[in-house]
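Chemist: Give me a model of this one.
(2 chains)
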Protein chains: 2
Amino acid sequence: MEDNLIGEQDVGGGRRARGGAAARRAARTSGSAGTQLTYIKREVPVYEVLNEEGLALIEANADTILEEVGIEFRDDAEALAMWKEAGADVRGERVHFPKGLPRSLLKTAPSTFTQHARNPERSVQIGGNATVFAPVYGPPFVRDLDGNRRYATIEDFRNFVKLAYMAPSIHHSGGTVCEPVDVPVNKRHLDMLLAHMTLSDKPFMGSVTAPERAEDTVSMAKILFGEEFVDQNTVVINLINANSPMVFDDTMLGALKVYARNNQACIVTPFILAGAMSPVTVAGTLTQVLAEVLAGASFTQLVRPGAPVVFGTFASSISMQSGAPTFGTPEPTLVSYGAAQLARRLGLPFRTGGSLCAAKIPDAQAAYESANTLNSTLLAGTNFVLHAAGWLEGGLASCYEKFMMDIDQLGMAQKMAQGVDLSENGQAMDAIREVGPGSHYLGCSHTQANFQTAFYRSSIADNNSYEQWQAEGQKTASQRANELARRWLENYEGPQLDAGIAEGLKDFIARKKESMPDAFT
Amino acid sequence: MEDNLIGEQDVGGGRRARGGAAARRAARTSGSAGTQLTYIKREVPVYEVLNEEGLALIEANADTILEEVGIEFRDDAEALAMWKEAGADVRGERVHFPKGLPRSLLKTAPSTFTQHARNPERSVQIGGNATVFAPVYGPPFVRDLDGNRRYATIEDFRNFVKLAYMAPSIHHSGGTVCEPVDVPVNKRHLDMLLAHMTLSDKPFMGSVTAPERAEDTVSMAKILFGEEFVDQNTVVINLINANSPMVFDDTMLGALKVYARNNQACIVTPFILAGAMSPVTVAGTLTQVLAEVLAGASFTQLVRPGAPVVFGTFASSISMQSGAPTFGTPEPTLVSYGAAQLARRLGLPFRTGGSLCAAKIPDAQAAYESANTLNSTLLAGTNFVLHAAGWLEGGLASCYEKFMMDIDQLGMAQKMAQGVDLSENGQAMDAIREVGPGSHYLGCSHTQANFQTAFYRSSIADNNSYEQWQAEGQKTASQRANELARRWLENYEGPQLDAGIAEGLKDFIARKKESMPDAFT
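Modeler: Residues are numbered from 1 along each chain as shown, chains lettered A, B, ... in the order given. Just a heads-up that it's a prediction; the model follows:
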């Protein structure tokens, strides 16, 4: 029975690989972590914590901050000139915004757009009732499958791209799934992009660590998708963090300008550890977040009206004892819910949350914190979810075991988002009539007809008896996740790619690498 | 700084003990797990998954089931006679309900009531925007502080009562916090009640395992509260499970009648493992749940119009591979949200959820599943939350470590439920103005004024650096929970109780025990 059921699920690489023997073998041995969706089309309502009065208050306060205090655009004379030209009051590097200017500029930003994948069946919608899950972004360390915490390598990077490709509940290949510290810092982006472009056919993110690396991203995308296609479509989405409080620096502005000019998407994200980078209150934090997003997102429209831009929020608090960031706690949850509401009122797609935690190992702390974050991320109606799987240790480590545990939770989120089936089959009146009082539903015809898809089947949870669990070695969830990750990596079979394109990408990278000395800082 | 902050919290027994040296010692050494509330007064909205059309459909279907299929009231001639008298169509033990009869009977049930505690400051509201957290109920096993899984004893029982008394985020002492298997089964309820009545001053639950044990509960409550007070007030709340599908048995009906006649509260709860005891679909399960609750809850009003009754739902699915119950998965989550809506439309208080899991140990599986359950329990607007702390292994074991981890999460839920502070202080405009771009908020006057209460401080989470965590022994969350449980139990200091009442309770129990031979089955 077990074999049969698992065979029904889409596992191990999705549509392309589904027909192959390797995929079937993967399906038999790997556990599913849910059904492959291109992205979630949410059919349950959003949850909202602020009423109209609260929202209007925060919006008015943000406008006041933008006008009175202003936002700094640092080391970027071009940006300051553009703001002056647009009617802002520029004093030094500080831009003061006349009331309504950012909102008025944002009228040209799309509320929903498509990010194309090289496999058209993988293209995702960003905005509206869509939710897209992408892996962890940024950790310099990994927690590997031998239980070591060490610097990440390009091999780890490729492994996480492979796992994200195989995970039915991950819709997006992400960006810096870990920092490949063994590759020179000025060449790293090339190898990372190559991995996303060749080892996966899901959509991916571009480099933002320097304007020229953003240019490289666009150049490589043109090799992959064709020049004309990239000119007319959005094929990369890119993380532009504000330097909170109330600063955008030249690195981020440089990358933003490259992407916006090329009609590629920017996620403008105040990276907030509340108490350090924003006030210690939820309403104060929301006010600052809104002000920063209004300034940064509207700047994309100065660069190119109509360029896709996402309202981002990274919400955490700090421990008032140690200054360390905390995750999965009530205050960031409220910030996420509130920010999602502010984004909807602005008509912009929204990014927040993920499976965030401060835990150092994939233990109960990691899971409580991640589940708290993910539950609110989903119900807030978040459109783009970075860090949806693999995040550990406040984002300092990408963890293989945590990745496998998180994608199982994402599978549950996908199912939850479908809401309640009210069809005749969903109502199940025949089943209730057939079974009647004092019997059971195990063998009734409605159960027979529906049991394969009725309930989400976890790839990680052990639901067996204590005795059976004991007989099977008393494994923890993370031990089961470890075994699953190993099996998936053994069974990985990549998507096909036109040989000419693959060659073109390798040539580009070889030429680029030759043109630069190695840099490690 | 650490000492100062922890000293600000209410820890270790709440108001009564707060002044004592032991309590202060507990405060310094124990970690807080939040602020002591009498109960949660939810200030955030509820989350709803069904629209008006879906709700009306399920209600109509439930009415059809009640009329066509009917509900069995087994081995209770009195109950059947009462239903016949009330106008139902009774065929054998099967009661068929004319459309609208249960709803019409339920008009006398209160939508909100007070369950009194012997310490009036601990009395809780059941219904409306109130949420009350009570510990795990029913496990025959414990997972103890030495890592053993073994049968529970009366000492374990007392320990869990003590921990629940000390936990600031637990509002209720609960009932069978574990089964004290070392006490004869026919005398067990007496020792359990004595523990709740003497070791805690929070409200508690009565015995339901036999009508005479329910009578004993009422008798002991009269010693504790005074006869007249019990006649006029609700002082115990009691778990009446339906024998799903669509059966109430004589044990439960017997206890229900005792409590309802005495104006004590019943939580009428279909105990559902969907796929076995209800259809495999959410809508089908909700239909059956509603039908069962309508039948059982309205029966309390036949016994005594106006008797307090709660709409209960215990939602789980089974694994279609093994038949084992699963928790924290999407389908039971949707059932809980939907059932809460149905309860509100009926005007009854609602019970569901808790911190449920199938895991055998307090690992990541336990935490993911518990957090998923608790998040939906809170946002559903659940009024009475049984199993809010300590539940492990599908309810087969009460776990000390899990208890400590869960109460930390309950502390977060309390904070989350307060919503967003929109006061002038909450808006923090002065802070934003004072700090400005490129600085930080750590030392600003608004932070100074608010840092002690700004963010929820976890008693379990380790938010320190990897290096510090390593230097401190690389502890898991459950290891930290273990240490905390030991410290709390060492620092326990009970509430005061009038010596005459204590003597009266002991006399009652002694006389009762003498009147019965020991029974162990």
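
Chemist: Residue in the stretch 51-200 of chain A with the shortest distance to chain B?
Modeler: Residue of the stretch 51-200 of chain A nearest chain B, by Cβ to the nearest Cβ: residue A:72 (4.3 Å). Where you see a C-beta, it was placed from the backbone N, CA and C, and this is true even at glycine.

Chemist: Count the neighbours of that residue for me.
Modeler: 22 (other Cβ atoms under 10 Å in any protein chain shown).

Chemist: how deep is the closest residue to residue A:40 other than its chain neighbours tucked in, by neighbour count?
Modeler: Spatial nearest neighbour of residue A:40, chain neighbours left out: residue A:131 (4.0 Å); criterion: Cβ to Cβ, 6 or more residues apart in numbering or on different chains. Taking other Cβ under 10 Å as the criterion, the count of residues near residue A:131 is 28.

Chemist: List the residues that contact the single nearest residue of the stretch 201-350 of chain A relative to chain B.
Modeler: Per Cβ to the nearest Cβ, residue A:284 is where the stretch 201-350 of chain A lies closest to chain B, at 2.7 Å. Neighbouring residues of residue A:284 by Cβ atoms under 8 Å, 6 or more residues apart in numbering or on different chains: A:278, B:426, B:427, B:428, B:429, B:431, B:432, B:446.

Chemist: Secondary structure class of it, three-state.
Modeler: Three-state assignment for residue A:284 (DSSP: H, G, I helix; E, B strand; the rest coil): helix.

Chemist: And for residue A:516?
Modeler: coil.

Chemist: nearest spatial neighbour of it, skipping sequence neighbours?
Modeler: Computed as Cβ to Cβ, 6+ apart, the closest residue to residue A:516 that is not its neighbour in sequence is residue A:186, at 5.5 Å.

Chemist: And the pLDDT for the one you found?
Modeler: Residue A:186 carries a pLDDT value of 95.

Chemist: That one should be in a helix, yeah?
Modeler: No. Counting by three-state DSSP, residue A:186 is located in no helix; its state is coil.

Chemist: coming back round to it: what strand or helix carries the residue of the stretch 51-200 of chain A closest to chain B?
Modeler: Using DSSP states H and E, residue A:72 maps to strand A:71-73.

Chemist: now that strand, how far from the chain's geometric center?
Modeler: Distance, stretch centre to chain centre, for strand A:71-73: 27 Å (Cα atoms, centre = their mean, to the nearest Å).

Chemist: Now do it: everything it contacts.
Modeler: A:79-80, A:83, A:93-95, A:97, A:246-248, A:253, A:291-292, A:295-296, A:299, B:437-438.

Chemist: which residues in the stretch 251-400 of chain A form strands?
Modeler: A:265-274, A:309-312, A:314-318, A:325-326, A:350-351, A:384-385, A:391-392, A:397-399 (DSSP state E, counting those that start in this stretch).

Chemist: by how many degrees do the first one and strand A:314-318 diverge?
Modeler: Taking axes from the mean of the first three to the mean of the last three Cα atoms, to 10 degrees, strand A:265-274 and strand A:314-318 form an angle of 10 degrees between their directions.

Chemist: Strand A:265-274 and chain B, any residue contact?
Modeler: Yes. Using Cβ under 8 Å from any Cβ of the partner chain, strand A:265-274 comes into contact with chain B via residue A:274.

Chemist: count of neighbours near residue A:438?
Modeler: 15.

Chemist: Check residue A:102 too.
Modeler: 27.

Chemist: quick one on the thing from earlier: check the gap between the residue of the stretch 51-200 of chain A closest to chain B and residue B:272 for me.
Modeler: 57 Å (Cβ to Cβ, to the nearest Å).

Chemist: related to what we said a few turns ago, what about burial for the contacts of strand A:71-73, which qualify?
Modeler: With burial judged by 16 or more other Cβ atoms under 10 Å in any protein chain shown, the buried subset of those is A:79-80, A:83, A:93-95, A:97, A:246-248, A:253, A:291-292, A:295-296, A:299, B:437.

Chemist: Helices - which of these land there?
Modeler: Among these, the members falling in helices (DSSP state H) are A:79, A:80, A:83, A:253, A:291, A:292, A:295, A:296, A:299.

Chemist: Let's see the pLDDT reported for the second one.
Modeler: To tie it back to what came earlier, the one meant is residue A:80. pLDDT, read off for residue A:80, is 98.

Chemist: show me what contacts it?
Modeler: For residue A:80, the contacting residues are A:73, A:90, A:93, A:95, by Cβ under 8 Å, 6+ apart.

Chemist: Turn these into JSON lines, columns for pLDDT.
Modeler: Converted to JSON lines, the contacts of residue A:80 look like this (pLDDT from 0 to 100):
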{"residue": "A:73", "pLDDT": "98"}
{"residue": "A:90", "pLDDT": "98"}
{"residue": "A:93", "pLDDT": "98"}
{"residue": "A:95", "pLDDT": "98"}
